[in-house]
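>>> need coordinates for the following:
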Amino acid sequence: MGTIRKGDSITKRSVSSLPSADSNGKGDALSPKALRQYLQRFPQASILVVGDLILDHYVMGRVSRISPEAPVPVVHVESESLRLGGAANVFNNILALGGKADLCGVVGSDESGRLLMKELGNKRSSRGGVVIDHDRPTTRKSRVIAHNQQIVRYDIEGRSELKVALRKKILRYVESRIRELSCIVVSDYAKGVVSPALMSDLIRLAALRKVPVIVDPKVEHFSYYKGVTVLTPNHLEAAQASGLHGDSDQTIDEAGAMIRQRLGCQSVLITRGEKGMSLYERNGASWHLPTKARQVYDVTGAGDTVIGTLALALAAGASIKTGAVMANYAAGIVVGMVGTATVSPKQLSEAFGNE
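Numbers count the residues shown, from 1 in each chain. Just a heads-up that it's a prediction; the model follows:
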């Protein structure tokens, strides 16, 4: 699927020279047929998503003039919509791809919280993992979009750390579910849910049951993630966390290796926008996967799609490399849509192409 880089040197081989077997040694793990076999196992997966719940609010319209009051466009509103964002969008992506998922996070006792819970609707079998904080607003991101272009975004949020009682309530819920889980996903948007204490307890609980933990990180929280299974920063986060600059192959190689070693995680998967993804593994192997996007309209929520697909792939028995390939295809689909979106099994299967 692209370039293989090992160690500090960069070597290139064609697609045909990639190893044909997954970590289980069975079959051509990168062929469309093999990828579809993993996709068919997604319904067997049970994923718990822990993190910051966000209500995404979209205001769609058109612009035909500039305001006489200030040099800004006047948007004539044609429609509005609400969608699940943040950890709730990861949860939604997992369900859309056929997996079983549950959710842990926090909402406020406000209108946005009620709307977010309404959007979740019947998608959840239990609501024990979502706690209410009466002292914080529900995180809400409102985007004004005209002619497929985002004009402005305004946020309502609270970023203070969760109260101890609420954190313990979330952990008790995780503990009650841990025996049936295939994977834990942590979706960190730095809105207060993810803390050193929460991560320490999650990693401990997961290790006891040998459940993988995948984290979509925030730079300011990198020290929290020591010992997780996979970290999925974007290229800007990876460079910043490692103190490097730029997004060249060499810079990202150095950043990926440095982060993986510093945090002691098994793998680091760096998403690189139009440049695809780069994967760094514990054994020193690194892989570059060129983007599968045909056209990019909106990258909103693409990281949520990546981590949701990766979690399902690992739960289905795929190697991290094969999981990254599947996530790369899924990301290529979702960036071609406007706004927070999900991918269906049919769309993903078609993206794999023919034999």
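>>> residue nearest the centroid of this protein?
The centre of the chain sits closest to D304, judged by Cα atoms, centre = their mean, with a distance of 2.9 Å.
>>> show me where the stretch 101-250 of the chain has its strands.
Remark: strands assigned in the stretch 101-250 of the chain by DSSP state E, counting those that start in this stretch are 130-133, 139-146, 149-156, 183-187, 213-216, 230-231.
>>> nearest to R36, of the ones you listed?
strand 183-187 (20.2 Å; Cβ to Cβ). Where C-beta positions appear, they are placed from N, C-alpha and C, glycine not excepted.
>>> and the closest one, C-alpha only, in PDB?
Coordinates of each C-alpha in strand 183-187 appear next as PDB, following Å, rounded to 0.1, in the frame of the first residue of the first chain:
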ATOM      1  CA  CYS A 183     -11.300  -2.600  22.700                       C
ATOM      2  CA  ILE A 184     -11.400   0.700  24.500                       C
ATOM      3  CA  VAL A 185     -11.100   3.900  22.500                       C
ATOM      4  CA  VAL A 186     -10.200   7.200  24.300                       C
ATOM      5  CA  SER A 187     -11.300  10.300  22.300                       C
END
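>>> ok, and the closest non-adjacent residue to A45?
Excluding its sequence neighbours, the residue lying closest to A45 (Cβ to Cβ, 6 or more residues apart in numbering) is A315, at 3.5 Å.
>>> follow-up on the earlier one: nearest to A45, of the strands of the stretch 101-250 of the chain?
strand 183-187 (7.0 Å).
>>> give the residue farthest from the middle of this structure.
P68 (41.3 Å).
>>> quick check: phi and psi at that residue.
P68 has phi and psi values of phi -70, psi -10 when expressed as degrees, to the nearest 10.
>>> next up, the contacts around it.
Shown in contact with P68 (Cβ atoms under 8 Å, 6 or more residues apart in numbering): no residues.
>>> let me know the average pLDDT across stretch 182-191.
The predicted model gives stretch 182-191 an average pLDDT of 97.
>>> now swap in stretch 160-171 and tell me
96.
>>> check what pLDDT the residue farthest from the centre of the chain gets.
97.
>>> what do you get for G85?
On the pLDDT scale, G85 gets 92.
>>> coming back round to it: can you redo the strands of the stretch 101-250 of the chain as TSV with mean neighbour count and distance to Q250?
As requested, these are exported to TSV (neighbours: other Cβ atoms under 10 Å; distance: least, Cβ to Cβ, whole Å):
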stretch	mean neighbour count	distance to Q250
strand 130-133	19	43
strand 139-146	21	34
strand 149-156	13	32
strand 183-187	28	29
strand 213-216	27	25
strand 230-231	28	20
